[in-house]
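>>> build me a model:
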Amino acid sequence: MRSRFTPTDALLILVVSIWGSNFTIVKAALEQLPPLGFNALRLGIACVVLVGAARLSGAGLPLRADWPRLVALGLVGHCGYQLSFIQGLARTSVTNSSLILGCLPVTVLLLNTVSLRRERVGRWQWVGVLLAVVGVYLVVGVGAQVARDTLQGDLTIMLSVWCWGWYTVGSRPLLQVYTPLQVTTWSTVIGSIAFVPFAVPSLVSLDWHGVSGWAWAAVVASGVLALSLSYVLWYTGVQRLGSARTSVYSNLVPVVAMIVAALGLHESIGAVKLIGASLVLVALALTRIDRRPVPG
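Numbers count the residues shown, from 1 in each chain. I've put the predicted structure just below:
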């Protein structure tokens, strides 16, 4: 039985801390920048940072035989995810979208059970995932209902969860051959190229002089931290811990977002949300327990 906290776990906690805090950064930037335009700009920054880091590390180009999978990862995990998430969020509430996105581990486990390269999923991992879903539900708001006016947005957010889940599971074969930096760099570049045409109209009509220095700083911070650094660390987790265990850490994002909102926006934290956050932490501990070896 293994439940030891590793340096990789610490890196994943850093990732969810960045992603949880990123909600505040994005919210401020979107007051001055259109959603698709904002995403295109931060994806562009992420590409520059990742390609530069890959060149400095001496990482070469992937083999020709692996490009089809990289293209699929870029189209689904970057372009598809960003499009469906932004469009869905515009049509539903933050509570509903947070709750749906918190179900990523369930999506990953389901994809793992039907994939050709199955990861072994332990009993405690399943218990942990189910407990995490309950915890996320309590954190983002008890009683969130799928209403008719938000149904389209909710379904679109569900699509983004499947994109992110497939992105996490589909990277596993490539991570047995390449580094997380290589996989992240080229999948991001491909996804960004596919995303740009959707953002061109909003960028053309944007009043560039009306964008403040704070908004530009938010774009840079989100591109460098939330995309470049965090995606590399996320893939590192997938490589070392497997996609199922790594995906459970996404449940911490709503918890971090709640804490940041309480400190920065003075939003109150009720007893129910504290219980939910506690359940998420317990769930993470359970998913780190597995009596069976993780396949290499």
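>>> can you tell me how far residue 103 is from residue 180?
The gap separating residue 103 from residue 180 is 24 Å, by C-beta to C-beta, to the nearest Å. Bear in mind the C-beta positions are built from the backbone N, C-alpha and C, glycine included.
>>> helices and strands of this protein: which one has the lowest mean pLDDT?
Across the helices and strands of the chain, mean confidence by mean pLDDT, DSSP states H and E is lowest for helix 94-101: a mean of 66.
>>> so after that helix, what's the next helix or strand?
From helix 94-101 onward toward the C-terminus, using DSSP states H and E, the following helix or strand is helix 104-114.
>>> ok, and what's touching that following helix?
118-119, 121, 125-126, 129-130, 132-133, 161-162, 164-166, 168-169, 243-244, 247-248, 250-251, 287 (C-beta atoms under 8 Å, 6 or more residues apart in numbering).
>>> continuing past it, what's the next helix or strand?
Counting by DSSP H and E, the next helix or strand C-terminal to helix 104-114 is helix 123-140.
>>> what separates residue 171 from residue 242, distance-wise?
Taken as C-beta to C-beta, the span from residue 171 to residue 242 is 11 Å.
>>> and stretch 21-39, what's its mean pLDDT?
The pLDDT scores in stretch 21-39 average 84.
>>> for it, buried residues please.
Along stretch 21-39, these residues count as buried under the neighbour rule (16 or more other C-beta atoms under 10 Å): 21-26, 29-30, 32-39.
>>> of those, which belong to strands?
Here DSSP state E is the test, and those give no hits in strands at all.
>>> pick the one among the residues you listed closest to residue 46.
Top of the list for closeness to residue 46, among the buried residues of stretch 21-39 and by C-beta to C-beta, is residue 39 at 10.3 Å.
>>> now do the contacts for the closest one.
Neighbours of residue 39 in contact, by C-beta under 8 Å, 6+ apart: 82, 86, 195, 199.
>>> quick one: least confident of those?
Least confident by pLDDT among the contacts of residue 39: that is residue 86, with 78.
>>> hmm, residue 36 and that residue touching each other?
Yes. Using C-beta atoms under 8 Å, residue 86 is in contact with residue 36, at 6.4 Å.
>>> now stretch 59-76: buried residues?
In terms of neighbour count (16+ other C-beta under 10 Å), stretch 59-76 has its buried residues at 62, 66, 69, 70, 72, 73, 74, 75, 76.
>>> residues in contact with the last one?
Contacts for residue 76 were tallied using C-beta under 8 Å, 6+ apart; they are 163, 166, 167, 170.
>>> how does it look with 10 Å?
162, 163, 164, 165, 166, 167, 170, 187, 191, 194 (C-beta atoms under 10 Å, 6 or more residues apart in numbering).
>>> what's the most distant pair in the residues you listed?
Of all pairs drawn from the contacts of residue 76, the one with the largest separation by C-beta to C-beta is 165 and 194; the distance is 19.1 Å.
>>> thinking again about what came up before, and the contacts of residue 76, which is closest to residue 53?
residue 187 (14.2 Å).
>>> burial of the closest one, as a residue count?
Using other C-beta atoms under 10 Å, residue 187 is surrounded by 28 other residues.
>>> so what's the predicted local confidence for it?
For residue 187, the pLDDT comes out at 94.
>>> one more: residue 44?
pLDDT at residue 44 comes out at 94.
>>> test my guess that residue 37 contacts residue 199.
Yes. Judged on C-beta atoms under 10 Å, residue 37 makes contact with residue 199 at a distance of 5.3 Å.
>>> low-confidence ranges, the stretch 151-296 of the chain, go.
When the per-residue scores of the stretch 151-296 of the chain are filtered using pLDDT under 70, the ranges that remain are 264-270, 273, 277, 281, 284-296.
>>> one step back: now, the contacts of residue 76 that are in helices?
By the criterion of DSSP state H, membership of the contacts of residue 76 in helices covers 162, 163, 164, 165, 166, 167, 170, 187, 191, 194.
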